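Undergrad: here you go, sequence then predicted model.
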Amino acid sequence: MTTLLSKAQFLRSASSEKDFPDDIKAEIAFCGRSNAGKSSAINTLCRQNTLARTSKTPGRTQLVNFFKLDGDTCLVDLPGYGYAKAPVKVQQQWQRLMEAYLVHRKPLCGLVLLMDIRHPLTEIDWTMIRWTNHNHLPLYILLTKADKVNRNHTVKTMTQVSSKLEQKGFECGIQTFSATKQIGLSQAQNKIRAWLDAAMIDENEKKRPD
């Protein structure tokens, strides 16, 4: 899996649905609040330092960014949500772009939701969780920046988040992650591979004659 992800290359940025690539069979998208560390996570997963653009200023990812892997698969970096300092018109534009992707993008086979382990399950996170559940889209949660808290905090947060998801009837995988310390790296890479492998198997099955 490491080899596959390390081959990731920037494909294109899309500012509207018409700019989405049409030759992709399976892709996994990364979403989360502006300061959750999406771009850093993608870079770490792909073992590249500058694949996805990172910044100390939240909200810099304003487009849907596609990174192509081998064959017809992609990783996708979605605009960060919840950045209050962005102008209202810009926030509305991001929202429309996100909706166009999430609602209509057929190759999408899984969503990775990143949440800062110190501030998990905000209301907008719950919105994303409910949306994936309603649309039967596989969801995997990364509790990022795990290097910034101690073990007791990690265990407590994992337990609380898992319990709240279970209470509301949501089934999804969840793990801790740190781009800086590479905590949970292999586990997240394996999940990505499993999703892409399953999606490509389904795609090949569709092509077989009856």
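TA: Sure, I can see it.
Undergrad: contacts and neighbour counts: CA atoms only from here.
TA: Fine.
Undergrad: low-confidence ranges in this protein?
TA: Along the chain, the model assigns pLDDT under 70 to residues 1-2, 55-61, 82-86, 207-210.
Undergrad: wait, what's in contact with the residue nearest in space to the middle of it?
TA: Most central in the chain under CA atoms, centre = their mean is Phe30, positioned 1.5 Å from the mean C-alpha point. Residues counted as contacts of Phe30 (CA atoms under 8 Å, 6 or more residues apart in numbering) are Lys38, Leu75, Val76, Asp77, Leu78, Leu111, Val112, Leu113, Leu114.
Undergrad: try 7 Å this time
TA: Lys38, Val76, Asp77, Leu78, Leu111, Val112, Leu113 (CA atoms under 7 Å, 6 or more residues apart in numbering).
Undergrad: could you do Ser13 as well?
TA: So Ser13 contacts Leu63, Val64, Asn65, Phe66 (CA under 7 Å, 6+ apart).
Undergrad: now the first one. Its backbone dihedrals?
TA: Going back to what we said before, that points to Leu63. Dihedral pair for Leu63: phi -120, psi 170, per degrees, to the nearest 10.
Undergrad: how much space separates it from Gly80?
TA: Between Leu63 and Gly80 the distance is 9 Å, computed by CA to CA, to the nearest Å.
Undergrad: what about those two, which has more around it?
TA: Using other CA atoms under 10 Å, the more surrounded residue of Leu63 and Gly80 is Gly80, with 27 against 19.
Undergrad: excluding its backbone neighbours, what's nearest the more buried one?
TA: Ser34 (4.1 Å; CA to CA, 6 or more residues apart in numbering).
Undergrad: burial check on the residue lying closest to Glu171 once chain neighbours are set aside, number of neighbours?
TA: Setting aside the residues directly before and after it, Glu171 is nearest to Leu165 in space (CA to CA, 6+ apart), at 7.2 Å. Around Leu165 there are 15 other residues, counting by other CA under 10 Å.
Undergrad: same question, Pro138
TA: 18.
Undergrad: quick check, it in contact with Gly110.
TA: Yes. With contact defined as CA atoms under 7 Å, Pro138 reaches Gly110; the gap is 4.9 Å.
Undergrad: so who does the residue lying closest to Pro107 once chain neighbours are set aside touch?
TA: Of all residues not flanking Pro107 in the chain, Ala26 sits nearest, at 4.5 Å (CA to CA, 6+ apart). Ala26 makes contact with Asp72, Thr73, Cys74, Pro107, Leu108, Cys109, Leu196, Ala199, Met200 under the criterion CA under 7 Å, 6+ apart.
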